[in-house]
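Show me the folded form of this:
(one chain, ligands or ions: 1)
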Amino acid sequence: MLGLMQEHPLMISSLLEFAERHHGDGEIVSRRVEGDIHRYTWADVARRARQVARALDSDGLAFSERVATLAWNGYRHLELYYGVSGSGRVLHTINPRLHPDQIAWIANHAEDSVLAFDLSFLPLVQAVHARCPNVRKWIALCDADKLPQDSGVPNLVSYEAWMGTQPTDYAWPKFDENTASSMCYTSGTTGNPKAALYSHRSSVLHAYAAALPDVMCLSARDSVLPVVPMFHVNAWGIPYSAAMVGCKLVFPGPALDGKSVYELIEAEKVTFAAGVPTVWQMMLGHMKPANLRFSTLKRTVIGGSACPPAMIGAFQDDYGVEVLHAWGMTEMSPLGTLCTLKNKHMEMSPQDRLNIRLKQGRAIFGVDMKIVDGDGQDVTWDGKAYGDLYVKGPWVVREYFKGEGGDPLVKDANGQGWFPTGDVATIDADGYLQITDRSKDVIKSGGEWISSIDIENIAVAHPAIAMAACIGVRHPKWDERPIVVVVKKPGAEVTREELLKFYEGKTAKWQIPDDVVFVDAIPLGATGKILKTRLRETLKDYKLPGL
Ligand code: ADP
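Residues are numbered from 1 along each chain as shown. Predicted structure coming up:
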């Protein structure tokens, strides 16, 4: 017997319709590429997203054709999120920090038909357009009078001229909720980029989940700043969840330095912000010397790479901001786990609570996870035994776009397909996940594993260290031994011996790195993560002391 409830497909457009009707005057504030601040409302987003949909219809773009963006977090990008997906096309957000060769490769692989870009990326577009024969139209996200002349880019129009004259009414179409809505290529920290292809259903379910109290706890009372880019995994789904709850949205545009982000948080009374650790590092670096304080910021989600304990402590103790440590990946839309406490933890000492908060957290309903050993057998959830982390759920990839890389899923005894994340983790009896490492980065020393994340966290807790990366180097007896590559804070001093001494008592003796390498900078990838592949290449001639 089937249930007798109405059937409505889960549509991205319905989020915007809801926001317009119930939170029409809710504010959207954007710092623009031009440097000024732009303000309007959810009702304006809805009206202009309908114009975008109309403009795509006028251009004859077919259902499921790809519209790419090279854009910062801002209101026009938000309109494209809804106008493109809502009308049945696929929004392909491209990471502008990638190399031009990779951008051209990705645009061709995705078969993008239209590409919209912020003016800061004009040089990038000039470098790649000739290699993207499939792109029929290039849209500069600007007013008509700002359209660059003699750019050499064919079929270039200004966004405002393109969509601004369209009628503002439009009936959002209803179609199968499993239709593709947006796509994002993995940043390729490991291997070739492959695309996750999200659907309307997966995005709406993820939006519900992200807003839950033990996830981002978003509400109509919040002023939300996604520092995490809209060009990578849909800014962790915030543009969708924000419409669902009707919060105020604040977009930082291209100004991601500590000073600009701090000033925006204060000016727009931001209560919740989200970003990767490197962004917050810059902001705390700006705030500390000037003795600045937050007046409204209450919570921040930090994820994308391990959040150093020192940062969680600094936010909590020095600024009274609760850090929610999160783990996820492009293939998971991206949220997988988020760290909030349970009722039974409330009586614990602040230190014991902090120890829990350092973990990546509990699974969100909708994400099943397990850790397995080399034979595919489940590993006990005791917080100590580690294994390869597998996940499944309605917003986890089934396969990559165009079947690239074959079938990624691993079947269990019941025939259920699990996605192997490539991460190694422990899970404790309360279900708290802790990422030990990426399987490619974990250091295998004499049959035992050393977590590069643990080694890095200790280094950055030293007052003289700004950034640290731990890699394994070949060793004739132990297979691999860890070394730590560090960047010192400006003006700070620490010697190799002092830093190695700093490890004593903080980790097992055999896990202490064999050497410290001082460098001026550590290579970062397009999403602000340490590029260990590049670091290993740079240090390929490095020899351990005494060998
Ligand atoms: P890519 O895989 O291309 O680098 P993603 O942004 O999808 O891009 O990265 C996902 C990976 O980032 C995870 O598999 C994990 O290794 C790492 N990661 C994400 N969040 C955390 C976190 N809180 N702690 C440790 N590692 C994390």
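
correct me, but V135 touches S113?
Yes: the criterion here is CB atoms under 8 Å, and V135 meets it with S113 at 6.5 Å. The C-beta positions use only the backbone N, C-alpha and C, and glycine is treated the same way.

Which residues of the stretch 401-547 of the chain lie near the ligand?
Within the stretch 401-547 of the chain, the positions near the ligand by CB under 6 Å from any ligand atom are T421, G422, D423, I435, R438, T527, K529.

The ligand contacts on the chain?
186-189, 303-306, 325-330, 360, 421-423, 435, 438, 527, 529.

The same query, at a cut-off of 8 Å, please.
Neighbours of the ligand within the chain, by CB under 8 Å from any ligand atom: 186-190, 193, 232-233, 302-307, 325-332, 334, 360, 421-423, 435, 437-438, 453, 525, 527, 529.

ok, back up a step: tell me which entries of the residues of the stretch 401-547 of the chain next to the ligand lie within strands.
Among those, the members found in strands (DSSP state E) are T421, G422, D423, I435, R438.

Could you pull out the helices in the stretch 151-300 of the chain for me?
159-163, 200-211, 233-236, 238-245, 258-267, 277-290 (DSSP state H, counting those that start in this stretch).

what's the first one in contact with?
Residues from elsewhere that reach helix 159-163 (CB atoms under 8 Å, 6 or more residues apart in numbering): 48, 51-52, 54-55, 76, 79, 83, 116, 139-144, 147.

Between those, identify the one with the most neighbours.
G83 (29 neighbours; other CB atoms under 10 Å).

Any of the residues of the stretch 401-547 of the chain next to the ligand buried? List them.
For those, a burial check counting by 16 or more other CB atoms under 10 Å picks out T421, G422, D423, I435, R438, T527, K529.

mind putting these in JSON lines, distance to R293 and pLDDT included?
Output for these, formatted as JSON lines (distance: CB to CB, whole Å; pLDDT from 0 to 100):
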{"residue": "T421", "distance to R293": "38", "pLDDT": "96"}
{"residue": "G422", "distance to R293": "40", "pLDDT": "93"}
{"residue": "D423", "distance to R293": "36", "pLDDT": "95"}
{"residue": "I435", "distance to R293": "31", "pLDDT": "94"}
{"residue": "R438", "distance to R293": "36", "pLDDT": "88"}
{"residue": "T527", "distance to R293": "29", "pLDDT": "77"}
{"residue": "K529", "distance to R293": "29", "pLDDT": "83"}
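
so where is the stretch 101-250 of the chain shaky, pLDDT-wise?
187-192 (pLDDT under 70).

circling back to that earlier point, can you select the buried ones from the residues of the chain next to the ligand in PyMOL?
Typed into PyMOL, the line below selects the buried ones among the residues of the chain next to the ligand, using 16+ other CB under 10 Å:
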select buried, resi 186+187+188+189+193+232+233+302+303+304+305+306+307+325+326+327+328+329+330+331+332+334+360+421+422+423+435+437+438+453+525+527+529
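
Run through the stretch 351-500 of the chain and note the low-pLDDT ranges.
Judged by pLDDT under 70, no stretch of the stretch 351-500 of the chain qualifies at all.

quick one: the helices in it?
So, for the stretch 351-500 of the chain - with DSSP H, counting those that start in this stretch - the helices run 452-461, 496-503.

List the contacts of the longest one.
Contacts to helix 452-461, defined as CB under 8 Å, 6+ apart, come from residues 306, 308-310, 435-437, 441-443, 465-472, 482, 484, 486, 499, 502-503, 506-507, 511, 513, 532.

Same question for the last one.
Contacts to helix 496-503, defined as CB under 8 Å, 6+ apart, come from residues I455, I458, A459, H462, I465, V484, V486, I512, P513, D515, V516, F518.

Work out the gap between that helix and the centre of the chain.
Taking CA atoms, centre = their mean, to the nearest Å, one finds the center of helix 496-503 at 33 Å from the center of the full chain.

same check, this time on the first one
A distance of 21 Å separates the centroid of the chain from that of helix 452-461, by CA atoms, centre = their mean.

coming back round to it: now the helices of the stretch 151-300 of the chain in TSV, please, with extra columns for distance to D378.
Output for the helices of the stretch 151-300 of the chain, formatted as TSV (distance: least, CB to CB, whole Å):
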stretch	distance to D378
helix 159-163	51
helix 200-211	24
helix 233-236	28
helix 238-245	32
helix 258-267	42
helix 277-290	31
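
quick one, which of those is nearest to G35?
Proximity to G35 (CB to CB) singles out helix 258-267 among the helices of the stretch 151-300 of the chain, at 9.8 Å.

then the closest one to CSV, C-alphas only?
Listed next in CSV are the C-alpha coordinates belonging to helix 258-267 (Å, rounded to 0.1, in the frame of the first residue of the first chain):
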residue,chain,number,x,y,z
GLY,A,258,41.8,39.2,7.3
LYS,A,259,41.0,42.9,7.6
SER,A,260,38.2,43.0,4.9
VAL,A,261,36.5,39.8,6.3
TYR,A,262,36.7,41.1,9.9
GLU,A,263,35.2,44.5,8.9
LEU,A,264,32.4,42.9,6.9
ILE,A,265,31.5,40.7,9.9
GLU,A,266,31.3,43.7,12.2
ALA,A,267,29.5,46.0,9.7
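
what's next to it, contact-wise?
Residues contacting helix 258-267 (CB under 8 Å, 6+ apart): 31, 225, 227, 250, 252, 255, 270, 273, 279, 282-287, 292, 294-297.

Quick check on those residues: which are buried?
Using 16+ other CB under 10 Å, the buried ones in the contacts of helix 258-267 are 31, 225, 227, 250, 252, 270, 273, 279, 282-284, 286-287, 292, 294, 297.

Just name the closest of the residues you listed to the ligand, please.
V279 (13.8 Å; CB to the nearest ligand atom).
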